[in-house]
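K.L.:
After the sequence you'll find the predicted model.
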Amino acid sequence: MGNPDKVWRALFIAAAVALGFSGFGQMPIYYRYYITSIPGVGWASDFYATQLVHYLAATVLLALVAFFGLNHLLVGRRRRRLTRSGVLRTFLLAGVIASGIGMVIKNLSGVRFSLVPGIVTDLAHMGLAMAFMLVALYCLIARAKWTAPRKA
């Protein structure tokens, strides 16, 4: 099946792209700008469909973060260290996950957030997700790695 690192990386990228697309789909911009007129993309104007895709992609991303985080802490930390860009991306991703958990709690039936915490949760999640995407794009262009070998 090829290099397992490339498979994990492709899965992470696919989950991140699905999260980005479905996250923006939570807002009515796809319908407003006729993106849903493109054949095969009509589902993107349905809030519940994009929410389901978002939750499924988030599940995949959480599983990958848990796997790679535990693998680094238990095994890889002796051989590899996080780079500066890896630390920045880790903190941004942790913020996205924490605010995403807040969003899930906010969306549960029977749970009511007052106005200010609800808006703060929304803006924090969207802002951190945008910051993570921009930093990830920069790191992709600059070929910045998450980890580097430890010096002996």
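P.N.:
Perfect, I can see it now. Just so we're clear, the structure is a prediction, and the values are computed from it rather than from any experiment. Numbers count the residues shown, from 1 in each chain.

K.L.:
how about the helices of the chain, start to end?
P.N.:
4-25, 29-32, 47-74, 84-107, 115-142 (DSSP state H).

K.L.:
now the ones you listed as a markdown table including mean neighbour count, mean pLDDT and distance to residue 40?
P.N.:
Using the backbone N, CA and C atoms, a C-beta is placed for each residue, glycine as well. Formatted as a markdown table, those follow (neighbours: other C-beta atoms under 10 Å; pLDDT from 0 to 100; distance: least, C-beta to C-beta, whole Å):
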| stretch | mean neighbour count | mean pLDDT | distance to residue 40 |
| --- | --- | --- | --- |
| helix 4-25 | 15 | 90 | 13 |
| helix 29-32 | 15 | 86 | 13 |
| helix 47-74 | 15 | 92 | 13 |
| helix 84-107 | 16 | 94 | 27 |
| helix 115-142 | 14 | 94 | 23 |
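
K.L.:
nearest to residue 150, of those helices?
P.N.:
Closest to residue 150 of the helices of the chain, according to C-beta to C-beta: helix 47-74, at 11.9 Å.

K.L.:
Double-check residue 128 against residue 91; I have them as touching.
P.N.:
No. The criterion here is C-beta atoms under 8 Å, and residue 128 misses it with residue 91 at 9.4 Å.

K.L.:
list residues touching both of these two?
P.N.:
Listed contacts common to residue 128 and residue 91 are nil; contacts here mean C-beta atoms under 8 Å, 6 or more residues apart in numbering.

K.L.:
residue contacts, residue 28?
P.N.:
Contacts of residue 28 by C-beta under 8 Å, 6+ apart are residue 45.

K.L.:
brain fart, residue 71
P.N.:
Contacts of residue 71 (C-beta under 8 Å, 6+ apart): none.

K.L.:
now it: how far from residue 149?
P.N.:
Remark: distance between residue 71 and residue 149 (C-beta to C-beta, to the nearest Å) = 16 Å.

K.L.:
now do residue 116
P.N.:
From residue 116 to residue 149 the distance is 46 Å (C-beta to C-beta).

K.L.:
All good on my end, thank you.
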